[in-house]
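**Student:** this is the structure alone, sequence omitted:
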């Protein structure tokens, strides 16, 4: 009976080492040991006690391992919390900066939008005021016999739309005042000065308009059978009007001469087509590369003029113009001039040319110009 008890206890202790109370088993084994009657019983009990010691050691190791695992888990959780804490610490300034930046952008946008809205409202108010003034200006122009108030009123407009309308109205006044040279010059100065290259297209258009009015009067005095102009065929009013138009045409050309005599790019696209230079002195003018289609240079002085680079000249009128006194002439234009405007020794129309040209001068000058084109 004693033999089997230690085996039973060992089995119980082994199978239930986690839950069995080792101290109770040890007390019970000690009791058995005191009751042992031979060496075999003693050895069995001793073996059992040894097994209890091993079980207790394994339990202690297991508990230690479990505690170590718990400690590792706690450390890992601490580390994770530390990582998140560090991450939050590093990200927080960035998020704060981002929020501040977004706030600043929004505030800037709101400010600009507010300023734009204010500008739009102000522009609308200005346009409404200018619209009212424009109506009043047109009424004043139609009713006033004096030019100065209307002129000053037109110059007061500043918005692009009404400034352009006022400019066009000034051009109308220029054509209406063609018979009043003093008023014409005043309006011209107010409209165009200071004159720039941007002014030239409108001045050219004005010149052409004045020229078309002069042509109407010239046709009235034209003797078609003899192909000459007879001034006596015109009424006193027409003669005065023609004289005023001629002076104003000359005035428009004179005003742009400083620019035309300056050094400028041949690729400026200077368009002088159909311009009448009347009796302007074009000495030293620079028309390099200009379009002079149907230009009227009749009785003009063109000494030392630069006509190089000109390829558009169809219908240009060089009657009674000593064109060979020019400094340079393009090969194409030179061919046109020698074909249609060669020197006429019997001519009596050299009104503005001084000294009067001679055949010897013409031949020498033509030789010089031809030589230039061959270089």
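**Tutor:** Arrived safely, thanks for sending. Just so we're clear, the structure is a prediction, and the values are computed from it rather than from any experiment.

**Student:** what distance do you get for residue 256 to residue 204?
**Tutor:** For residue 256, the distance to residue 204 (CB to CB, to the nearest Å) stands at 8 Å. No exception for glycine: its C-beta is placed from N, CA and C like everyone else's.

**Student:** would you map the helices across the stretch 51-200 of the chain?
**Tutor:** With DSSP state H, counting those that start in this stretch, the ranges of helices along the stretch 51-200 of the chain come out as 147-155, 160-176, 181-192, 200-220.

**Student:** who's in contact with residue 294?
**Tutor:** Counting by CB atoms under 8 Å, 6 or more residues apart in numbering, residue 294 makes contact with 273, 274, 314, 315, 316, 317.

**Student:** then it would be within a helix, right?
**Tutor:** No: counting by DSSP: H, G, I helix; E, B strand; the rest coil, residue 294 is not part of a helix but coil.

**Student:** mind giving me the ChimeraX command for buried ones among the contacts of residue 294?
**Tutor:** The ChimeraX command for the buried members of these (criterion: 16 or more other CB atoms under 10 Å) is given here:
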select :273,274,316,317
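
**Student:** hmm, residue 289 is touching residue 264, no?
**Tutor:** No: the pair formed by residue 289 and residue 264 falls short of the contact definition of CB atoms under 8 Å, at 9.2 Å.

**Student:** need the residues touching each of the two.
**Tutor:** Common neighbours of residue 289 and residue 264 (CB under 8 Å, 6+ apart) are residue 270.

**Student:** higher neighbour count, the two?
**Tutor:** Set residue 289 next to residue 264 and count neighbours by other CB atoms under 10 Å: residue 289 wins out with 20 against 15.

**Student:** part of a helix, is that one?
**Tutor:** No: in this structure, residue 289 is coil, not part of a helix, as judged by three-state DSSP.

**Student:** which pLDDT does the model give it?
**Tutor:** Residue 289 is assigned 92 on the pLDDT scale.

**Student:** mind checking the helices of the stretch 51-200 of the chain for the one nearest to residue 73?
**Tutor:** Closest approach to residue 73 among these (CB to CB): helix 160-176, 78.1 Å.

**Student:** what's the average pLDDT for that closest one?
**Tutor:** 70.

**Student:** kindly report the same for stretch 52-59.
**Tutor:** Stretch 52-59 carries an average pLDDT of 74.

**Student:** also stretch 97-114?
**Tutor:** Stretch 97-114 shows a mean pLDDT of 76 in the predicted model.

**Student:** re the thing from before, export the helices of the stretch 51-200 of the chain to JSON lines and tack on mean neighbour count and distance to residue 54?
**Tutor:** Listed next are the helices of the stretch 51-200 of the chain as JSON lines, based on neighbours: other CB atoms under 10 Å; distance: least, CB to CB, whole Å:
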{"stretch": "helix 147-155", "mean neighbour count": "17", "distance to residue 54": "118"}
{"stretch": "helix 160-176", "mean neighbour count": "16", "distance to residue 54": "106"}
{"stretch": "helix 181-192", "mean neighbour count": "18", "distance to residue 54": "120"}
{"stretch": "helix 200-220", "mean neighbour count": "17", "distance to residue 54": "116"}
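
**Student:** now for the ones you listed, which one comes closest to residue 34?
**Tutor:** helix 160-176 (124.0 Å).

**Student:** any idea which of the contacts of residue 294 is closest to residue 338?
**Tutor:** Distance to residue 338 across the contacts of residue 294 (CB to CB) is lowest for residue 316, with 13.5 Å.

**Student:** the closest one reaches residue 293, doesn't it?
**Tutor:** Yes: the pair residue 316 / residue 293 is scored as a contact, 6.9 Å apart, by CB under 8 Å.

**Student:** gap between residue 270 and residue 243?
**Tutor:** Residue 270 sits 29 Å away from residue 243, taking CB to CB as the criterion.
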